[in-house]
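>>> just the structure for this:
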Amino acid sequence: MNVYILGIESSCDDTSAAVLLNNQLLSNEIANQALHAKYGGVVPEWASRAHLQNMIPVVDTALQKANISISDISAIAFTAGPGLLGSLLVGHSFAKAAAYALGIPLIGVDHLQAHILSHFIKNEKNTYPKFPFLCLLVSGGHTQIMRVNHFFDMKIIGTTIDDAAGETFDKAAKILGFPYPGGPLIDTCAKEGNPHAFVFNQANIAAYDYSFSGLKTSFLYFLRDQLKNNPNFIQENKANLCASIQHAICNSLMRKLIKAADDLNIQEIAIAGGVSANSALQECLKSIALKKNWNIYIPPLQLSTDNAAMIGIVGYYKFLHKDFSSINVIPFTRNKF
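Now for the predicted structure:
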């Protein structure tokens with residue numbers, strides 16, 4: 001039986017719609033909101049209003065590129081949370097109304113679970129993580145190590161106790177004078193720098209947990225002291241600063257992932273979330289995989305950031321399990337794991 005899933009993602013500032021035929025991606029449309037850049041972060045009210053403007057055109061384009069009509073859809077999957085409440089409500093309202101009008105199932109999806117299960121969208125190599133596997137989920141709002149036993153059997157075994165890795169990238173970028181979002185700009189600039197030029201404090205938290213607040217403070221105070229002696233210090237050392245802070249973040253992430261994999265004797269390792277697109281993190285993972293004999297899974301760029309394809313793949317597996325949502329389902333803003 002062919003199952004067509006329409007996925008809807010609106011958890012933050014990107015409006016996205018995707019169409020999947022079973023586990024095969026037919027289209028994945030994303031409307032970005034550049035208006036937030038000059039404010040150094042997402043303005044929730046404006047994000048909600050932009051979703052209202054973008055939702056129908058994005059869905060229409062996704063259906064056209066998939067070469068199907070709305071009547072062909074078997075079910076509608078949408079991001080139920082976590083995320084910004086106003087943004088979530090736009091996608092939730094559209095999905096609920098469309099599913100009700102079409103008389104098809106409505107499927108609420110956990111945004112974080114979707115990042116992890118994006119690895120099961122059909123790919124050219126037909127390579128997918130084998131259960132159980134560990135997934136390092138790293139984004140602007142979350143940093144977690146998940147043990148994934150099955151599609152819907154996941155457990156957080158490590159998490160940040162304060163700030164996320166992605167936020168640390170963005171805050172460091174702001175201090176260095178980069179526009180928002182600054183994480184990708186640090187990645188680009190770091191390619192010209194020495195990752196060992198400067199050393200910043202890295203927290204040593206128990207078990208598999210993370211902490212990045214101290215690293216941010218160390219970076220800020222180091223620059224404060226250097227700028228007292230040399231007002232041009234940042235401009236003269238920008239590439240080395242980018243490379244060094246990036247190295248510190250990636251090293252912190254990998255230390256705990258290695259410990260978890262060793263302790264649990266798991267060699268199937270995946271990464272997911274926006275920070276998984278970072279080139280240094282990917283290279284670090286590849287290098288360690290060779291030493292540890294890991295099988296690693298890195299999402300393509302279009303599936304690392306927020307997108308509806310990942311919502312659709314979770315919707316597909318939930319459809320197979322007949323795990324549907326009530327029309328009264330309520331969005332949630334915080335992590336439910």
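>>> right, and the helix or strand after the helix or strand hosting A280?
A280 belongs to helix 279-292 when assigned by DSSP states H and E. Sequence order places strand 295-297 as the next helix or strand after helix 279-292, per DSSP H and E.
>>> enumerate the positions of that following strand that are buried.
By neighbour count with 16 or more other CB atoms under 10 Å, strand 295-297 contains the buried residues 296-297. No exception for glycine: its C-beta is placed from N, CA and C like everyone else's.
>>> list the helices and strands it packs on?
If contacts are counted by 3 or more CB pairs under 8 Å, 6 or more residues apart in numbering; DSSP states H and E, strand 295-297 sits against strand 268-272, helix 279-292.
>>> give me whichever of the ones you listed is most buried.
strand 268-272 (a mean of 24; mean count of other CB atoms under 10 Å).
>>> now the angle from the helix holding A280 to strand 268-272?
Counting by axes from the mean of the first three to the mean of the last three CA atoms, to 10 degrees, helix 279-292 points 180 degrees away from the direction of strand 268-272.
>>> can you tell me what sits against helix 279-292?
Helix 279-292 is contacted by residues 138, 187, 190-191, 195, 246-247, 250-251, 253-254, 258, 261, 267, 269, 271, 275-276, 294-296, 298 when judged by CB atoms under 8 Å, 6 or more residues apart in numbering.
>>> at 10 Å what do you get?
Defining contact as CB atoms under 10 Å, 6 or more residues apart in numbering, one finds that helix 279-292 is touched by 136, 138, 165, 184, 186-188, 190-191, 195, 242-243, 246-247, 249-251, 253-254, 257-258, 261-262, 267, 269-271, 275-276, 278, 294-298, 304.
>>> drop anything exposed from the residues you listed.
Buried among these by 16+ other CB under 10 Å: 136, 138, 165, 184, 186-187, 190, 195, 242-243, 246-247, 249-250, 253-254, 257, 261, 267, 269-271, 275-276, 278, 294, 296-298, 304.
>>> among the residues you listed, which are in helices?
165, 184, 186-187, 190, 242-243, 246-247, 249-250, 253-254, 257, 261, 304 (DSSP state H).
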